[in-house]
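> quick one, what's the 3D model for this:
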Amino acid sequence: MKFIKATFFLLLVLAAVNVRAQSSDELKRRKAQLNKELEQLNQDYQETLNNKKATLKQLSILKAKIILRQEKIENINSEIRNLDNQISESTNNVRSLQSQLDQLKKEYAAMILFAYRNQSAYNKLMFLFASKDFNQAYKRLKYLQQFGTYRERQAASIQGTQKELHIKINELDKTKDEKTSLLKDQQKEKETLGNERNNQVKVVSELSQHEGILKKQQRDLQAKIAKTNAAIKDAIRREIEEEKRRLEEEARRKAAEEARIAAAKAKAENRPAPAAAAAPKPVTRTTSSVLNATPEAAKLSNDFLGNRGSLPWPVANGVTTQGFGIYTTPEGIRSESTGIDIRTNAGANVRSVFDGEVIKVVDVSGTYLVMVRHGEYFTVYANLRSVNVARGQKVTTKQSLGTVATEPSTGETEAHFEIYKGTTPVNPKLWLAPN
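Residues are numbered from 1 along each chain as shown. All right, here's what the predicted structure looks like:
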């Protein structure tokens, strides 16, 4: 029973160590990804500085950098907490091993003292000859042999414990050095974060000095957003209406066919033809039931939902500069994003994230918007310079839809991406695979 409990405890410890190791590895991978994204944003920001004038895009990049920098600092904090746990555990192990070593040495010293006092062959022989009978003599002989063997084992245990203690002390020193390095990295990141926030204030101040330019940029941006949202809502509304008309027409055809069959049957039986049935009343349907009315559409919806969290990104490489939801700009303007903006390379291909059908291709203020239907789900790809698909065309996962546009005045290249379930926008970050 004791053995079973000890084994169970050991398995729990090993599982905890494994989980911690995985967590530590994941934190390191995420930090490496954050470093990569921050490096890309730094390059993009330096490019915007060459324009000599502050723009809203500069603010957008700075905001994205600050968010990533904060996440990186939190990531470092998590690593430090993991290392603190490791240091605490290693310290306890060192203390335990040191205590074991001290006890082993104490026992070994007592054993050596005993052996020293009884080391003469005469004493050993007297010990044997003092036996009452042969059996007792034999047992005493075995005792002397086992005592020697035990002494050798104790010496080996001391050496093994000393070696293990040395390893644990080295591991502890290494962990402490790693923590020191992380603390320096943390301090450096906090200083960089402070500088980026100062730059943000500086850009806002510069923009406020050019209020006319700022307002024009805001008007142009808001107008494009409004046009994009209108095009998306119109496309979804038309798709739902077309599906409803198709379902109503199918219901009318079915009723007419049933009436024709009933009339033919009455004629064959020499009965009067039944009175014409009233036209079927429109059935109230939910958006989901309309868009999933066919088995093909229902399967596509199911497959799309099944890939939540693992959909490929609409561009091969990119960094999110604006997330989903309501946000407030540094200059105090409250706005809402129904998708995400992805900073990417000039001329990058924009790809479909899943199998589907193109339902809309439209020009929005000089750039193109492509919309793809996946059953009751829709994906939107905006700010395209060119497109190579057409309405009604079937597309597959990662198929190129076109190329992303680059803003001529700033040299910035950003793709806009949205996901809708019916008429409701959802957060793309929860659907895309980790970048």
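
> all helices of the stretch 101-250 of the chain, in order?
121-129, 134-209, 211-268 (DSSP state H, counting those that start in this stretch).

> least reliable of those going by mean pLDDT?
Comparing mean pLDDT over the helices of the stretch 101-250 of the chain, the weakest stretch is helix 121-129, at a mean of 51.

> just checking, N292 touches Y377?
No - counting by Cβ atoms under 8 Å, N292 stays clear of Y377, with 10.1 Å between them. (Each C-beta comes from the backbone N, C-alpha and C, glycine too.)

> shared neighbours, these two?
Counting by Cβ atoms under 8 Å, 6 or more residues apart in numbering, the contacts common to N292 and Y377 are S301.

> ok, the residue nearest to S310 when sequence neighbours are not counted - contacts?
Nearest residue to S310, sequence neighbours excluded (Cβ to Cβ, 6 or more residues apart in numbering): A433, at 4.8 Å. Residues in contact with A433, defined by Cβ under 8 Å, 6+ apart, are G309, S310, L311, P312, W313.

> from S301, how far out is A433?
Distance, A433 to S301, using Cβ to Cβ, to the nearest Å: 19 Å.

> quick one: N345 and N317 touch, right?
Yes - using Cβ under 8 Å, N345 is in contact with N317, at 6.2 Å.

> assign a three-state SS to A415, would you?
strand (DSSP: H, G, I helix; E, B strand; the rest coil).

> where does pLDDT dip in the stretch 301-435 of the chain?
Scanning the stretch 301-435 of the chain for pLDDT under 70 picks out the ranges 328-333, 409-410.

> what about the strands in it?
All strands of the stretch 301-435 of the chain, identified by DSSP state E, counting those that start in this stretch, fall at 319-322, 325-328, 334-337, 340-343, 349-351, 356-364, 367-374, 377-387, 394-395, 400-404, 414-421, 424-426.

> what would those look like in TSV with mean neighbour count and distance to S24?
Below are the strands of the stretch 301-435 of the chain laid out as TSV (neighbours: other Cβ atoms under 10 Å; distance: least, Cβ to Cβ, whole Å):
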stretch	mean neighbour count	distance to S24
strand 319-322	21	25
strand 325-328	10	31
strand 334-337	12	34
strand 340-343	24	29
strand 349-351	22	34
strand 356-364	19	40
strand 367-374	23	38
strand 377-387	22	36
strand 394-395	15	41
strand 400-404	21	37
strand 414-421	24	32
strand 424-426	16	32
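
> now render those strands as TSV, adding distance to N198.
Listed next are those as TSV, based on distance: least, Cβ to Cβ, whole Å:
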stretch	distance to N198
strand 319-322	20
strand 325-328	19
strand 334-337	24
strand 340-343	22
strand 349-351	35
strand 356-364	36
strand 367-374	34
strand 377-387	30
strand 394-395	46
strand 400-404	31
strand 414-421	25
strand 424-426	34
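
> looks to me like R95 is in a helix.
Yes - according to three-state DSSP, R95 belongs to a helix.

> nearest to E242, of the contacts of A433?
Comparing those against E242 with Cβ to Cβ picks out L311 as the nearest, at 25.7 Å.

> neighbours around that closest one, how many?
20 (other Cβ atoms under 10 Å).

> report the beta-bridge partners for it.
Judged by DSSP bridges, the bridge partners of L311 are L432.

> distance of it relative to E414?
Distance of L311 to E414, computed by Cβ to Cβ: 19 Å.

> ok, Y420 next?
20 Å.

> for I80, what are its contacts?
K179, L182, L183, Q186.

> that one looks like it's in a helix, true?
Yes - with three-state DSSP as the criterion, I80 is located in a helix.

> let me know the pLDDT of it.
If you check I80, the pLDDT there is 79.

> distance of it from E74?
Computed as Cβ to Cβ, the I80 to E74 distance reads 11 Å.

> what does R245 give?
52 Å.

> what sits against L182?
Counted by Cβ under 8 Å, 6+ apart, L182 has contacts I76, E79, I80, L83.

> I'd like the residues you listed as JSON lines, with distance to I225 appended.
Output for the contacts of L182, formatted as JSON lines (distance: Cβ to Cβ, whole Å):
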{"residue": "I76", "distance to I225": "35"}
{"residue": "E79", "distance to I225": "39"}
{"residue": "I80", "distance to I225": "41"}
{"residue": "L83", "distance to I225": "45"}
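
> now the closest residue to S335 other than its chain neighbours: how far from S337?
Take S335 and drop its neighbours on the chain: the residue closest to it by Cβ to Cβ, 6+ apart is Y327, 6.1 Å away. Y327 sits 7 Å away from S337, taking Cβ to Cβ as the criterion.

> swap in E414?
12 Å.

> what does Q86 give?
Note on Q86: its distance to S337, by Cβ to Cβ, is 40 Å.
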